[in-house]
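In: no sequence for this one, just the structure:
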């Protein structure tokens, strides 16, 4: 049975709506296609930290390992897609990712803080969606999603830890910013969304 | 003892000059710094194929695995650098990489062919340099370089195989283009180079 880690459930300010789960259960190939795209983007995002902050050794080593893990998931999702006869194509950024990215402040160290906090939020949401959708999926896919859940939960922890350790920003300020971003993320999840994606909001009619 | 695979020795049109080896043996920290940069760039280059040719499944799966392997090497080199007290910074592209990249033709399928052939050449040259410099390095570093040599040789094979299978270009045309690029690569290795890098030419005085 799929168990959502307690830390993740408490972290997010909104549960995935039932209407998204119903839609996803009917649109598994599209969900997998966007999921594969998300894994590739997650790897690129992790590498972006290496390029932007090359001298931060602990961050660089962790983000490189994280990128490797996301790439392995990308390969696994593509392999499942190939078995199901689904071809891969690149998708544009979702409303969810676009709006979160727009919230990143331009100046350091706030830029680094925001990117790390948003990384944590996306990993936490992915984890929650894997847990919630897995019981509605065929057995093989459900097993795969349950496996991913554990690793996304670890990534979430790493992003949060770096947000607190790397930016030199007082804990109260980090907490306040995190709460604001949590609210934004929850809004994107519960409001109507014209496109169906792995991180989309309530399916618009 | 370090053994250069026969396939690599026959593939390259010029051996690494003795003067580069002498320079590298004296400038190990700089060589390691550029080596770490090269591993990161190699990972990014592999990911570039995923983004540019998303529908080519065999290529995408292989390049994703290759990117993971390059990232693991990046982490290993950074870890060795950290043990030696060498800090990491990003370096601009070398003359070698810049000139090879400039040779890529803009139109498909020649662009894909050229990028794959250049990938093969860079992997082959890296392999040759690991084999040639390893006997001049401290034991721990020599052992690490001997390990990398085998994996770069595999990457070389993959790039060549894809150049022949993915582009739909006749074998004779692939061979002719490969020979032209081999000549360019050899020129960059034997001519004077103002900067010392992992893939630089003869150290300019």
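Out: Received the coordinates, thanks. Small disclaimer: the values here were computed from a predicted structure and weren't measured.
In: my guess is residue A:19 contacts residue A:203, does it?
Out: Yes - using CB atoms under 8 Å, residue A:19 and residue A:203 qualify as a contacting pair, with a distance of 5.7 Å. The way it works is simple: take the backbone N, C-alpha and C, and place the C-beta from them, glycine included.
In: so where do the strands sit in chain A?
Out: Assigned by DSSP state E, chain A shows strands spanning A:192-193, A:202-203.
In: Just name the most buried of these.
Out: strand A:202-203 (a mean of 17; mean count of other CB atoms under 10 Å in any protein chain shown).
In: looking only at pLDDT, what's the mean for that one?
Out: The predicted model assigns strand A:202-203 a mean pLDDT of 96.
In: same for that strand, what does it pack against?
Out: Where contact means 3 or more CB pairs under 8 Å, 6 or more residues apart in numbering or on different chains; DSSP states H and E, strand A:202-203 is packed against helix A:18-26, strand A:192-193.
In: would you turn those into a markdown table with distance to residue B:27 and mean pLDDT?
Out: Converted to a markdown table, those look like this (distance: least, CB to CB, whole Å; pLDDT from 0 to 100):
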| stretch | distance to residue B:27 | mean pLDDT |
| --- | --- | --- |
| helix A:18-26 | 55 | 97 |
| strand A:192-193 | 55 | 96 |
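In: do you know which of these lies nearest chain B?
Out: helix A:18-26 (22.4 Å; CB to the nearest CB).
In: now the closest one, how far from the centre of its chain.
Out: With CA atoms, centre = their mean, to the nearest Å as the basis, helix A:18-26 stands 18 Å off its chain's centre.
In: Kindly report the same for stretch A:80-90.
Out: Using CA atoms, centre = their mean, the offset of stretch A:80-90 from its chain centre is 21 Å.
In: thought residue A:196 was touching residue A:27?
Out: Yes - Residue A:196 lies in contact with residue A:27 (CB under 8 Å); the separation is 5.9 Å.
In: In contact with residue A:138, which residues?
Out: Residues near residue A:138 by CB atoms under 8 Å, 6 or more residues apart in numbering or on different chains: none.
In: Check what pLDDT it gets.
Out: At residue A:138, the model reports a pLDDT of 94.
In: Pop out the phi and psi values for it.
Out: Dihedral pair for residue A:138: phi -60, psi 150, per degrees, to the nearest 10.
In: want to try a markdown table for the helices and strands packed on strand A:202-203, with distance to chain B as columns?
Out: Formatted as a markdown table, those follow (distance: least, CB to the nearest CB, whole Å):
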| stretch | distance to chain B |
| --- | --- |
| helix A:18-26 | 22 |
| strand A:192-193 | 24 |
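In: Distance to residue B:132 for those - can I get that in a markdown table?
Out: Listed next are the helices and strands packed on strand A:202-203 as a markdown table, based on distance: least, CB to CB, whole Å:
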| stretch | distance to residue B:132 |
| --- | --- |
| helix A:18-26 | 55 |
| strand A:192-193 | 57 |
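In: nearest to residue A:107, of the ones you listed?
Out: strand A:192-193 (30.3 Å; CB to CB).
In: next one: the closest one to chain centre, how far?
Out: 18 Å.
In: Kindly report the same for stretch A:90-103.
Out: The answer for stretch A:90-103 is 11 Å, by CA atoms, centre = their mean.
In: Show me the contact partners of it.
Out: A:33-34, A:37, A:41, A:114, A:118, A:121-122, A:181, A:184-185, A:188-189, A:193-195, A:197-201, B:51, B:54.
In: ok, now stretch A:146-166?
Out: A:2, A:4-5, A:7-8, A:11, A:56, A:58-59, A:62, A:66, A:69, A:73, A:112-113, A:116-117, A:119-120, A:123-124, A:126-127, A:130-131, A:134, A:171, A:174, A:178.
In: just the buried members of these?
Out: Neighbour counting over the contacts of stretch A:146-166 (16 or more other CB atoms under 10 Å in any protein chain shown) leaves A:4-5, A:8, A:11, A:56, A:59, A:62, A:66, A:69, A:73, A:112-113, A:116-117, A:119-120, A:123-124, A:126-127, A:130-131, A:134, A:174, A:178 as the buried ones.
In: residues touching the residue nearest in space to the middle of chain A, list them.
Out: Residue closest to the average C-alpha location in chain A (CA atoms, centre = their mean): residue A:122, at 2.9 Å. Going by CB under 8 Å, 6+ apart, residue A:122 touches A:42, A:97, A:100, A:199.
In: just curious, which of those is nearest to chain B?
Out: Closest approach between the contacts of residue A:122 and chain B, by CB to the nearest CB: residue A:42, at 12.1 Å.
In: Would you mind measuring from the nearest residue in space to the closest one that is not next to it in sequence to residue B:32?
Out: Spatial nearest neighbour of residue A:42, excluding adjacent residues (CB to CB, 6 or more residues apart in numbering or on different chains): residue A:70 at 4.2 Å. Residue A:70 sits 27 Å away from residue B:32, taking CB to CB, to the nearest Å as the criterion.
In: cool, and residue A:5?
Out: Per CB to CB, residue A:5 is found 39 Å from residue B:32.
In: Tell me the pLDDT of the nearest residue to residue A:104 once chain neighbours are set aside.
Out: Nearest residue to residue A:104, sequence neighbours excluded (CB to CB, 6+ apart): residue A:114, at 4.3 Å. Looking at residue A:114, its pLDDT reads 98.
In: Any idea how many residues pack against residue A:114?
Out: Neighbours of residue A:114 under the rule other CB atoms under 10 Å in any protein chain shown: 22.
In: can you pull out the helices in chain A?
Out: Ranges of helices in chain A, per DSSP state H, are A:6-11, A:18-26, A:28-52, A:57-83, A:95-102, A:110-133, A:139-165, A:171-190.
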